[in-house]
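S.K.: with the sequence up front, the predicted model follows.
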Amino acid sequence: MTKPSELQLDFEVLTPLFLGGAAQQPELRPPSFKGLLRFWYRAVDPRFADRIEGTGLTREETYFGSSSEKGGQSPFLMRIEHQNPRTKKWSKPFAKQFERKVNEPGRKLPPRNGFVYLGFPFQMGRKPGEAEYLEPGTRFRVRCLFPKGRPDQSSRRALTASWWSLAHVGGVGSRSRRAFGSLALRTWSIPQGERWPEFESLHLLCDSKTPDQWKKRFNESLDRLHSWFGRFGEKGARHPHLRNPRIVLFPEAWSANEWAAALDEAGIALQAFRQLAEPDYSDVLEYLKTRRPLEHAPQRTAFGMPLTFRYRRAGRVDFVPVGPGKGQVSDRHPSLLFIRLVLVNNCLHPLFIRLNGAAPAFEPRAADRKARKPLEEPEINALEAFMDHLEEEVKRG
């Protein structure tokens with residue numbers, strides 16, 4: 001009888017993790033993690049949609065399962081174990097403590113709150129404390145069991161690369177692209193004593209002693225993934241991917257129990273850059289007042305859509321992705337920007353990472369949801385300008 005092979009991964013929650021079950025209670029659900037593994041597999045393997053000869057299945061379906069008749073279940077079973085997970089409810093008074101006034105000559109700006117800016121859906125809840133999360137510090141184990149025995153090299157690489165990318169670039173649950181649900185992969189192992197060479201090729205970055213070492217080890221691991229799967233082309237890949245990501249890691253550190261202050265710092269960096277940004281604010285206001293056509297999409301659409309502008313008297317307008325023909329409107333084009341906290345020498349550091357892929361408002365274009373007419377590309381890619389800004393801020397210290 002073939003002995004099952006098993007991969008074990010031990011995680012620590014770094015920031016509030018909102019992943020609700022049917023009753024909206026915090027719950028670590030294997031199907032949610034499997035969906036995330038698929039996303040990050042597509043982000044590392046340019047051939048994820050290629051079919052494997054003789055099977056009729058794509059590479060992704062082979063490694064993670066398929067609903068087709070030829071496919072079936074994933075080759076591995078997933079179990080998540082945790083003991084007495086700590087949960088807490090979102091507190092508006094707690095969030096309000098990060099509010100700060102803004103003093104800019106000649107401009108009357110509302111207060112800023114980076115913590116709320118990143119987690120605004122939780123702050124907008126109608127009932128006090130209706131948003132519940134797993135607390136930072138919660139630890140859990142994921143077990144990936146291969147009932148048919150040891151997986152081959154291709155399967156091992158696909159699974160290892162997906163877990164590594166999820167653990168070090170992505171996050172879990174609501175607002176995971178905006179730093180909630182950040183995880184630290186503490187250990188991974190094969191309890192049976194099998195040797196997976198993939199473990200020796202990829203760094204667990206939470207063991208890094210300095211931000212510079214974190215970045216060096218991140219790039220070394222990314223090079224290893226490229227050697228396994230090849231690189232995405234410069235154009236044509238619509239799915240977000242890790243061909244040549246831009247990363248900015250803040251040198252400032254916070255202790256593990258200061259996660260809220262670290263989130264606030266990351267949120268302020270984004271909010272300050274975007275708040276009432278010109279020329280977007282004035283151009284869209286003029287558009288609503290006069291209905292004079294906009295030629296170019298607002299620059300901030302590059303951060304993702306839908307994007308809503310609200311004005312006290314002029315009303316609101318929603319910008320959404322639109323196809324080449326009139327009326328082909330989509331609801332959402334997620335941002336290529338991922339924000340998270342990472343663990344370096346047992347301290348938290350904000351990380352901003354821009355993936356490659358189809359950029360919002362560039363491919364496809366943006367449009368006023370009501371007008372549905374594709375607008376020209378933004379004159380400036382505000383996301384790239386934001387990354388430039390962060391790099392300069394870090395250099396200045």
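M.R.: Yes, it's here.
S.K.: need the strands for this protein, in chain order.
M.R.: For the chain, strands defined by DSSP state E occupy the ranges 5-13, 77-81, 87-89, 132-134, 139-146, 183-189, 241-249, 254-255, 307-311, 315-322, 337-344, 347-356, 365-368.
S.K.: so which of those strands gets nearest residue 34?
M.R.: strand 77-81 (6.4 Å; CB to CB). Backbone N, C-alpha and C define where each C-beta goes, glycine included.
S.K.: how far out from the middle of the chain is the closest one?
M.R.: Remark: strand 77-81 is offset 22 Å from the chain centroid, using CA atoms, centre = their mean, to the nearest Å.
S.K.: list the buried residues of it.
M.R.: By 16 or more other CB atoms under 10 Å, the buried positions in strand 77-81 come out as 78, 80.
S.K.: cool, stretch 339-348 as well?
M.R.: Buried, per 16+ other CB under 10 Å, within stretch 339-348: 339, 340, 341, 342, 343, 344, 347, 348.
S.K.: and what of stretch 177-193?
M.R.: Buried-residue list, stretch 177-193, by 16+ other CB under 10 Å: 177, 178, 179, 180, 181, 182, 183, 184, 185, 186, 188.
S.K.: also stretch 78-94?
M.R.: Counting neighbours by 16+ other CB under 10 Å, one finds that the buried residues in stretch 78-94 are 78, 80, 90.
S.K.: how far does that stretch sit from its chain's centre?
M.R.: The answer for stretch 78-94 is 20 Å, by CA atoms, centre = their mean.
S.K.: and the buried residues of stretch 339-348 as a markdown table, adding pLDDT and distance to residue 131?
M.R.: Below are those laid out as a markdown table (pLDDT from 0 to 100; distance: CB to CB, whole Å):
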| residue | pLDDT | distance to residue 131 |
| --- | --- | --- |
| 339 | 98 | 19 |
| 340 | 98 | 19 |
| 341 | 98 | 19 |
| 342 | 98 | 24 |
| 343 | 97 | 24 |
| 344 | 97 | 29 |
| 347 | 98 | 27 |
| 348 | 98 | 22 |
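S.K.: nearest to residue 216, of those?
M.R.: Taking CB to CB as the measure, residue 216 sits nearest to residue 344 out of the buried residues of stretch 339-348, at 11.9 Å.
S.K.: the closest one reaches residue 211, doesn't it?
M.R.: Yes. Counting by CB atoms under 8 Å, residue 344 does reach residue 211; the two are 5.7 Å apart.
S.K.: quickly list what residue 134 is bridged to.
M.R.: Beta bridges link residue 134 to residue 17, residue 87, judged by DSSP bridges.
S.K.: burial measure for it, as a count.
M.R.: Here the count is done by other CB atoms under 10 Å, and residue 134 has 24 residues near it.
S.K.: mind pulling up the pLDDT for it?
M.R.: The model reports residue 134 with a pLDDT of 95.
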